[in-house]
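[1] attaching a predicted model along with its sequence, questions to come.
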Amino acid sequence: MAPYTPVNYGLLKDAVASDLRDPLYKTFTKAQVGALVNEGIAEMDRIRPWERYVFLAFTYPSLVVTVDAQQVITVEVQSEDNGSWSLVPECSHTLPGIAQDGWDQWGDTLFLPQRMTLAVGMEFRALVYAQRDPLKNDTDVPTFLDMTDEEVVRCYARWTALEALLHDRTLYQQWQTQANNSDVSPTQLLQMAGNFKQEWTDLRKRALRLRRVM
């Protein structure tokens, strides 16, 4: 099986528009569909946290560095002898002060243990839950690791859009006439929205990725 390759933002919007039976953007504008896609990406951050390693650029001899992550999971230091990585202990918060006996995170700031001595050339990395960036340009490629990630975003986007049609009669009438959906009655739309909601509920349970116990 060929490895998964995520589509770019433009193609992802086109796919969602087709899901909504509005491929020519007669009802939902490209900007609106793009917003739905980014809402789906934000939702995916909640149910499918993204683990990745980031290298920490400590400036000798400072023990403080900015880290772009929702949450730091582990911090590791590389051995100068054989290049292997070993864990830096996490702060136990049993001693007074900040990061006395281990690393600690406050917002986007990471503190190494105060008793740790840095040396020039020491390498540190952190395993983190990273934030997926919202997409802006049509050529932007989302951080999807597999097809399930793409399915989550598309499923969330179409369910949210159908909910909007249900609650906005003017938007629904525009979708009926301009997007050539005159064959869809309000009752059928309600059924479609129900199907999309159930599809999203089922996929959300199946795609859920639990965070590590810290």
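    Good, I have the coordinates.
[2] which residues of the chain score low on pLDDT?
    Counting by pLDDT under 70, the chain contains low-confidence ranges at 1, 94-100, 214.
[3] geometric centre of it: which residue is closest?
    In the chain, the residue lying closest to the centroid (CA atoms, centre = their mean) is Asp45, at 3.4 Å.
[4] what's near enough to touch the residue nearest to that residue when sequence neighbours are not counted?
    The spatial neighbour of Asp45 that comes closest, neighbours along the chain excluded (CB to CB, 6 or more residues apart in numbering), is Arg132 at 5.6 Å. The way it works is simple: take the backbone N, C-alpha and C, and place the C-beta from them, glycine included. Taking CB atoms under 8 Å, 6 or more residues apart in numbering, we find Arg132 in contact with Ile41, Ala42, Met44, Asp45, Trp50, Pro142, Thr143.
[5] list the contacts for the residue nearest to the centre of the chain?
    Applying CB under 8 Å, 6+ apart, the residues contacting Asp45 are Gln70, Gln131, Arg132.
[6] and with 10 Å instead?
    If a contact means CB atoms under 10 Å, 6 or more residues apart in numbering, then Asp45 has Gln70, Tyr129, Ala130, Gln131, Arg132, Thr143 as its contacts.
[7] how about Arg154?
    Arg154 makes contact with Leu12, Ala15, Val16, Ser18, Asp19, Leu36, Val37, Gly40, Leu203, according to CB under 10 Å, 6+ apart.
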